[in-house]
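Asks: What follows is a predicted structure for the sequence shown.
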Amino acid sequence: MSLAQWKRDPGPPQEWHDWVEELFSPSLNLEKEAIMEGVNKETAVKSKIKRISMLDPETVREVYERVHMMSMMNDEMKTTGLKKSLPLEQKSTVPASSSPKEDVSKKTVEVNLEESCVWDSEEISVLRKVFKQVKEENRKYRVKNKEIEKRNMELEMKYNSFLKDLDDKNFKLTEVIKANSRLKIHCEHLQNELDETNVRMTAMEQIFKEINEEKGKMVKDVHELRLAADKERMEKNSLQLKLEAIQQQTASEKIALEESIRIQCRDQIANLEKNVMDLTKELNKEIKAHKTTKRGLDHLRNHFASLPLSHIVPPNAVNSDQISQFQY
């Protein structure tokens, strides 16, 4: 099974365990790189060997023709001699009436495969037996190869899982190292802050000592101030009693004064009402006299309006507007 086939069909899950592996645990001292290096070398050597299929008729025909040609040449060389037969064979391979292209081509000999054969029946039986043995061995090796490939795939899966776990652990280790460095820097910063805080605490203790001394003084002052405040409170209470007495006296005097003022106001209002009545009577009298005078004036106006102006207006009287003639 190739790696591409395994990627398409990865096989059983990781939870599956081979009973053969559990029963016969292997003890190997090899690593994956050494095994893969040997497999790569074997495939490189095998790739240089040309594989010929035994079921290809053209290939079998070429093999038989080549073997038959070699046997005929060996027989001819034995009869005529190697030195004399070589020039004759070179001349016989090139006919006189052939074209330039046909001179270059080799001479082929047709062989009937059914009538002629290179090997006899015993050799063929031996070949069949050997081929059968080779085929059985190939089958066994193929089964072993499948088991080895399966085992390799499982080992590769485990190796990949271990490699992934190792990468994860390396990543976590890197993160932990970074976090540790950050925590170390933070710890140094906190230590510096602690030193500064200790210095400040020493200064604050000195300040608190001074504050306690000032507090003692202030407590003494507050006690004296409380005594003074109590004395002032007593004086305030006495003054407040006096003020309440004065306020009560003032309220009674105010009530009496308001009553007297109210009586005076009533008397004045009565007098004013009497004066208003007297003035109203006088006003009514004047209104009657005004009406009488107005009626007499109207009679006089009517009387004088009926008389001619020549008997009333003197001759030197002004009849026009004289204001526009004044000069300032």
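Replies: Okay, I see it. Please read all numbers here as calculations on a predicted model, not as lab measurements.
Asks: Quick check: which element contains residue 246?
Replies: Following DSSP states H and E, one finds residue 246 within helix 121-306.
Asks: Report all helices and strands that that helix contacts.
Replies: Other elements packing on helix 121-306 under the criterion 3 or more Cβ pairs under 8 Å, 6 or more residues apart in numbering; DSSP states H and E are helix 32-48. Every residue, glycine included, has its C-beta placed from N, CA and C.
Asks: Quick one: name whatever helix or strand follows the helix it packs on.
Replies: Assigned by DSSP H and E, the successor of helix 32-48 is helix 57-80.
Asks: Now that next one - C-alpha only, PDB.
Replies: Taking Å, rounded to 0.1, in the frame of the first residue of the first chain, the C-alpha atoms of helix 57-80 are listed here in PDB:
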ATOM      1  CA  PRO A  57       3.000 -12.600 -26.900                       C
ATOM      2  CA  GLU A  58       5.200 -10.100 -28.700                       C
ATOM      3  CA  THR A  59       7.800 -10.200 -25.900                       C
ATOM      4  CA  VAL A  60       7.800 -14.100 -25.900                       C
ATOM      5  CA  ARG A  61       8.200 -14.100 -29.700                       C
ATOM      6  CA  GLU A  62      11.200 -11.700 -29.600                       C
ATOM      7  CA  VAL A  63      12.800 -13.900 -26.900                       C
ATOM      8  CA  TYR A  64      12.300 -17.100 -28.900                       C
ATOM      9  CA  GLU A  65      13.600 -15.500 -32.100                       C
ATOM     10  CA  ARG A  66      16.700 -14.100 -30.400                       C
ATOM     11  CA  VAL A  67      17.500 -17.500 -28.800                       C
ATOM     12  CA  HIS A  68      16.900 -19.400 -32.000                       C
ATOM     13  CA  MET A  69      19.100 -16.900 -33.900                       C
ATOM     14  CA  MET A  70      21.900 -17.300 -31.400                       C
ATOM     15  CA  SER A  71      21.700 -21.100 -31.600                       C
ATOM     16  CA  MET A  72      21.900 -21.100 -35.400                       C
ATOM     17  CA  MET A  73      24.900 -18.800 -35.200                       C
ATOM     18  CA  ASN A  74      26.600 -21.000 -32.700                       C
ATOM     19  CA  ASP A  75      26.100 -24.100 -34.900                       C
ATOM     20  CA  GLU A  76      27.400 -22.300 -38.000                       C
ATOM     21  CA  MET A  77      30.400 -21.000 -36.100                       C
ATOM     22  CA  LYS A  78      31.200 -24.500 -34.900                       C
ATOM     23  CA  THR A  79      31.200 -25.900 -38.500                       C
ATOM     24  CA  THR A  80      33.000 -23.200 -40.400                       C
END
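Asks: okay, now residue 148: neighbour count?
Replies: For residue 148, the count of nearby residues is 13 (other Cβ atoms under 10 Å).
Asks: How about residue 152?
Replies: Summarising burial for residue 152: neighbours were counted as other Cβ under 10 Å, giving 19.
Asks: any idea how far it is from residue 164?
Replies: 18 Å (Cβ to Cβ, to the nearest Å).
Asks: From residue 135, how far out is residue 147?
Replies: Per Cβ to Cβ, residue 147 is found 19 Å from residue 135.
Asks: Please read the previous query as pertaining to residue 231.
Replies: 133 Å.
Asks: Repeat that for residue 290.
Replies: Distance from residue 290 to residue 135, by Cβ to Cβ: 168 Å.
Asks: do residue 164 as well
Replies: To residue 135, residue 164 is 42 Å away according to Cβ to Cβ.
Asks: again with residue 235
Replies: 136 Å.
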